[in-house]
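Participant: Let's see this in three dimensions:
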Amino acid sequence: MSAYAGIGSRQTPPQILDLMTALARKLAQTGYTLRSGHAPGADQAFERGAGQDAEIYLPWASFERAVCCSAGYTQPAPSPEALQLAGQHHPAWDRLKPAVRSLHARNCHQILGRDLSDPVAFVVCWTPDGATTSPGPSTGGTGQALRLANANSIPVFNLARLEHLTRVESFISTTP
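Facilitator: I've put the predicted structure just below:
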């Protein structure tokens, strides 16, 4: 099965959250597995659509415990290898607290899988700045995943960009 990363801002607009849920449902029907991080906003919207067809990578076991997660696979914390890899891609790693490092390290699994050797086919996200290659200050934590995707030549579709939004809407409306 192919996997994709469904991620993004906690401030994703409601209409985009609905679109993310619909997209995840369509992608699950076509054989794709979601990889995400269970954060409020975009992550949980993708999860609602993917259901069991999801791999969820948590920064720590109790993260967002109050929100039900029906994923087929959940990893309770990033691996030591993911922490090391995250440090290679984050511009201010030495200044981050351990909890924030764990948040960024789980992105490595979202992009590269359980053992960090199975990259996703593509990333779908929403960030306020529409970033796909060069995350800016308003990209937030999603920027770490975008840096990893770019380092691995993985396409990124940011729903804050009209051309990406239109493409996703077309896919949802035309795919049986």
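Participant: how about the nearest residue to the residue nearest the centre of the chain, chain neighbours excluded?
Facilitator: Against the mean C-alpha coordinate of the chain, by C-alpha atoms, centre = their mean, the closest residue is residue 7 at 2.8 Å. Excluding the flanking residues, the one nearest residue 7 by C-beta to C-beta, 6 or more residues apart in numbering is residue 125, at 4.9 Å. Glycine gets a C-beta too; all of them are placed from N, C-alpha and C.
Participant: Phi and psi next, for that neighbour.
Facilitator: Dihedral pair for residue 125: phi -150, psi 180, per degrees, to the nearest 10.
Participant: ok, it - contacts?
Facilitator: Counting by C-beta atoms under 8 Å, 6 or more residues apart in numbering, residue 125 touches 5-9, 42, 142, 145-146, 156-159.
Participant: For residue 32, what are phi and psi?
Facilitator: Residue torsions, per degrees, to the nearest 10, at residue 32 are phi -90, psi 150.
Participant: Could you double-check that it lies in contact with residue 4?
Facilitator: Yes: assessed by C-beta atoms under 8 Å, residue 32 is found in contact with residue 4 at 5.5 Å.
Participant: list the residues that contact both of these two?
Facilitator: residue 121.
Participant: sorry, back to before: just the ones in helices from the contacts of residue 125, please.
Facilitator: 42, 142, 145-146 (DSSP state H).
Participant: any idea which of the residues you listed is closest to residue 81?
Facilitator: residue 145 (16.5 Å; C-beta to C-beta).
Participant: ok but residue 168 is inside a helix, no?
Facilitator: Yes: counting by DSSP: H, G, I helix; E, B strand; the rest coil, residue 168 is part of a helix.
Participant: For residue 139, give me its contacts.
Facilitator: 127-129, 131, 146.
Participant: wait, which of those residues is closest to residue 97?
Facilitator: residue 146 (21.6 Å).
Participant: Hmm, the closest one is touching residue 123, no?
Facilitator: Yes: the pair formed by residue 146 and residue 123 meets the contact definition of C-beta under 8 Å, at 7.2 Å.
Participant: got any residues that touch both of those two?
Facilitator: What both residue 146 and residue 123 touch, as defined by C-beta under 8 Å, 6+ apart, is the set residue 156.
Participant: Which residues in the helix or strand containing residue 103 does the neighbour count mark as buried?
Facilitator: Per DSSP states H and E, residue 103 falls inside helix 98-112. For helix 98-112, the neighbour count (16 or more other C-beta atoms under 10 Å) marks 101-112 as buried.
Participant: Same check on stretch 24-42?
Facilitator: For stretch 24-42, the neighbour count (16+ other C-beta under 10 Å) marks 24-28, 32-39, 41-42 as buried.
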